[in-house]
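>>> compute the structure for the input listed below.
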Amino acid sequence: MKIREATFEDAEVISLLARVTFDETFGHLFKDRQDLLDYFDRTFSVQKLRNSIASKNNKFWLAFVNELPVGYAKLKVHSLSEFILQKERVSQLQKIYVLKDFLSKKIGFQLQETLLSKAKELNSKIIWLSVLHTNERAINFYLKNGFSSVGKHIFSIGKEDFEFVAMGKPL
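Take a look at the predicted model:
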């Protein structure tokens, strides 16, 4: 396995990984498939990802197995949260997604370690994330890695409302 920081030229790969991994994780929760497809177009378009990669507050990584891209992660620096009392040097672990067939290879853990290391290097003092309240695998993963629950919130996509658990961890 290899992890490297993503570049502007990786937007197409991240876009495809984002769509596939999001669908693998959450696709079954949508009653109307078009709501999911519209969300993909708004959130994971190649141009939107290019813009996101170009932002100085965002850092992306790609994970490869046998030269194939199998996962990605995104750190958002200077990302305040209503659930975190500290108002400076706060970052967000915004995304860690790995293709379903590669979940058992500990790629998510390696992406997380890379992301946390970068957050510390950038002088973040706390990191937070949101995870779907029914995603027990992810919640347990973050609990085992030092995160704790700090609140709940609702996120809507199309006609669907999803409850998320916000989790935080001091760095």
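>>> just the helices from the protein, written as ranges.
With DSSP state H, the ranges of helices along the chain come out as 11-26, 33-43, 46-54, 107-121, 136-144.
>>> how about the second one: buried residues?
Pointing back at helix 33-43 there. Leu36, Tyr39, Phe40 (16 or more other Cβ atoms under 10 Å). In this view, the C-beta of every residue, glycine as well, is placed from N, C-alpha and C.
>>> skip the chain neighbours and tell me the closest residue to the first one.
This means Leu36. Phe30 (4.5 Å; Cβ to Cβ, 6 or more residues apart in numbering).
>>> count of neighbours near that neighbour?
Here the count is done by other Cβ atoms under 10 Å, and Phe30 has 17 residues near it.
>>> now it: how far from Lys120?
Per Cβ to Cβ, to the nearest Å, Phe30 is found 36 Å from Lys120.
>>> what does Asn57 give?
From Asn57 to Lys120 the distance is 16 Å (Cβ to Cβ).
>>> what about Asp32, neighbour count?
With other Cβ under 10 Å as criterion, Asp32 counts 11.
>>> these two touch, right, it and Asp38?
No - with contact defined as Cβ atoms under 8 Å, Asp32 does not reach Asp38; the gap is 9.3 Å.
>>> so what's Tyr72 up against?
Applying Cβ atoms under 8 Å, 6 or more residues apart in numbering to Tyr72 gives the contacts 6, 14, 17-18, 21, 60-63, 95-97, 111.
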